[in-house]
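[1] Model the structure of this input:
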Amino acid sequence: MFRLTARIEIKGTRTWVFDRVASVEITRDIDTLTDTCVLALPKKVTWQGEALNPLRRGDEVTAWLGYDDELELAFRGHVTTIGLKAPVTIACEDYMYQLKSRPARKLAYANATLGRLLEDQRLGIRHRVFGEQAIGPYRVTADTASGLLGDLKDHGGIRSFILLEEGEPVLYCGALFERAVTRKQVFATGVNIIDDTRLEVQDAADVKIKVRAISLMPDNTRVKVEAGDADGQARTLHAFNKNERELRAWAEQELKRLKRDGLTGSFTTFGGSLVDKLDNVGIKIDGRRRGVYQVQKNVIRFSPEGFRQEITIGGRVAE
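    Predicted coordinates:
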């Protein structure tokens, strides 16, 4: 029988360490700017002589989770809110918390690229650009660095999120992400998949999708193209400064990614060897290989009742 173990470290005016926790829920998602962590501390918490809860917004939080004292880094970020009642509930955000308070540099460009924009903002962390984009004339109007990233997503379809590399935060920014990683695990029914009822088989021929792509041009006009099925589920892409040919190629690429054979949805597995965004995972159902998929989202739940991961798969990357 495996024993659940955890270590929670909170650094503020002092450093607080907890080896017990009522619950932890961590959400890692490539579609959101910010990964989150909600901690519920044990009902009886002593603060080493302090009468009141000394934690403050902005305190640094690191959570390690595992079995039998073999711990794995699960989250690193900052406290955002602190509950009043026991058990004390602490909401946290990853390093994006710092970018939400970092003033954006109000710069203007005659011909910007995504990489140049990020470099000039001096974000204080490393960044990686996936699919460099020529944005063209651009003026930074956002008040904060995260606000700029939000504008790039809203108007250019450029997603941004934080990944930890060797424990340090790295900003990933782009449209389509390809990450050279070794497949961490193969998940199989009867072995390490607890629940596969949210997985569905998808036949590319049955998928009806219409991709609408819109490009904002330097003179504030818009170029629009559509690809796919006229009666299909609509998906809209945004871009900067792409001509009609470039925009149509992008729409066709997205259509090919979405109209594919394979599986969609999510499954639940145990907590061992935590899965991160963009990891590649293999799936076997009833002994049959069903492909390798890029992870889009993972919700990690830890409590005395169990340690689980709910993994949402994205595009199929291999057989």
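[2] Run a quick neighbour tally on residue 96.
    22 (other Cβ atoms under 10 Å). In this view, the C-beta of every residue, glycine as well, is placed from N, C-alpha and C.
[3] And the helices in this protein?
    Residue ranges of the helices in the chain, as given by DSSP state H, are 96-99, 114-121, 145-156, 244-258.
[4] Can you pull the domain assignment for this structure?
    Taking automatic domain parsing as the domain assignment, the record places the domains of the chain at 4-94, 108-174, 186-203+261-296+309-318, 204-258.
[5] what's the closest of the ones you listed to residue 303?
    Between residue 303 and those, the tightest spacing by Cβ to Cβ is seen for domain 4-94, at 4.1 Å.
[6] thinking again about what came up before, with mean neighbour count as extra columns, can I get the domains of the chain in CSV?
    Output for the domains of the chain, formatted as CSV (neighbours: other Cβ atoms under 10 Å):
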stretch, mean neighbour count
domain 4-94, 16
domain 108-174, 17
domain 186-203+261-296+309-318, 17
domain 204-258, 16
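[7] Now that we have the helices of the chain, can you turn them into JSON lines and tack on distance to residue 21 and mean pLDDT?
    Formatted as JSON lines, these follow (distance: least, Cβ to Cβ, whole Å; pLDDT from 0 to 100):
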{"stretch": "helix 96-99", "distance to residue 21": "20", "mean pLDDT": "97"}
{"stretch": "helix 114-121", "distance to residue 21": "36", "mean pLDDT": "95"}
{"stretch": "helix 145-156", "distance to residue 21": "28", "mean pLDDT": "91"}
{"stretch": "helix 244-258", "distance to residue 21": "39", "mean pLDDT": "83"}
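[8] Could you point out which of the domains of the chain sits nearest residue 302?
    With Cβ to Cβ as the yardstick, what comes closest out of the domains of the chain is domain 4-94 (4.2 Å).
[9] Next, the distance between the ends of that closest one.
    Across domain 4-94, the terminal residues are separated by 24 Å (Cα to Cα, to the nearest Å).
[10] so how far is that domain off the chain centroid?
    Here the centre of domain 4-94 is set off from its chain's centre by 19 Å, with Cα atoms, centre = their mean, to the nearest Å.
[11] do stretch 302-316 as well
    With Cα atoms, centre = their mean as the basis, stretch 302-316 stands 14 Å off its chain's centre.
[12] And for stretch 139-156?
    In terms of Cα atoms, centre = their mean, the centre of stretch 139-156 is found 18 Å from the chain centre.
[13] Stretch 101-121 now?
    Between the mean C-alpha point of stretch 101-121 and the mean C-alpha point of its chain there is a distance of 23 Å (Cα atoms, centre = their mean).
[14] Equivalent analysis for stretch 144-163, please.
    Taking the mean of its C-alpha atoms, stretch 144-163 sits 13 Å from the chain's own mean (Cα atoms, centre = their mean).
[15] next one: stretch 216-234
    How far stretch 216-234 lies from its chain's middle: 26 Å, per Cα atoms, centre = their mean.
[16] Any idea which of the domains of the chain gets closest to residue 101?
    Using Cβ to Cβ, the nearest of the domains of the chain to residue 101 is domain 108-174, at 6.6 Å.
[17] quick one: contacts for residue 141?
    Under the criterion of Cβ atoms under 8 Å, 6 or more residues apart in numbering, the contact partners of residue 141 comprise 106, 151.
[18] And the pLDDT at it?
    On the pLDDT scale, residue 141 is placed at 95.
[19] Give me the residues contacting stretch 106-116.
    Counting by Cβ under 8 Å, 6+ apart, the neighbours of stretch 106-116 from elsewhere in the structure are 117, 120, 129, 132-141, 152, 158, 173-174.
[20] which ones among those residues are found in strands?
    Cross-referencing those against strands under DSSP state E gives 129, 134, 135, 136, 137, 138, 139, 173, 174.
[21] Select from the domains of the chain the stretch with the lowest mean pLDDT.
    Within those, the least confident segment by mean pLDDT turns out to be domain 204-258, at a mean of 84.
[22] Just the endpoints, please. Distance across stretch 93-103?
    Taking Cα to Cα, the first and last residues of stretch 93-103 lie 18 Å apart.
[23] can I get the CA coordinates of stretch 35-54 in PDB?
    Taking Å, rounded to 0.1, in the frame of the first residue of the first chain, the C-alpha atoms of stretch 35-54 are listed here in PDB:
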ATOM      1  CA  ASP A  35      -1.900  27.800 -13.900                       C
ATOM      2  CA  THR A  36      -3.500  27.600 -10.500                       C
ATOM      3  CA  CYS A  37      -3.100  25.800  -7.200                       C
ATOM      4  CA  VAL A  38      -5.700  25.600  -4.300                       C
ATOM      5  CA  LEU A  39      -4.300  24.400  -1.000                       C
ATOM      6  CA  ALA A  40      -6.400  23.400   2.000                       C
ATOM      7  CA  LEU A  41      -4.200  23.200   5.200                       C
ATOM      8  CA  PRO A  42      -5.000  20.900   8.000                       C
ATOM      9  CA  LYS A  43      -7.600  22.100  10.500                       C
ATOM     10  CA  LYS A  44      -5.100  22.400  13.300                       C
ATOM     11  CA  VAL A  45      -2.300  24.600  12.100                       C
ATOM     12  CA  THR A  46       0.300  26.100  14.500                       C
ATOM     13  CA  TRP A  47       2.200  29.200  13.400                       C
ATOM     14  CA  GLN A  48       5.200  28.800  15.700                       C
ATOM     15  CA  GLY A  49       4.100  31.300  18.300                       C
ATOM     16  CA  GLU A  50       2.100  33.600  16.200                       C
ATOM     17  CA  ALA A  51      -1.500  34.000  17.100                       C
ATOM     18  CA  LEU A  52      -2.900  34.900  13.700                       C
ATOM     19  CA  ASN A  53      -2.300  33.500  10.200                       C
ATOM     20  CA  PRO A  54       0.900  35.300   9.100                       C
END
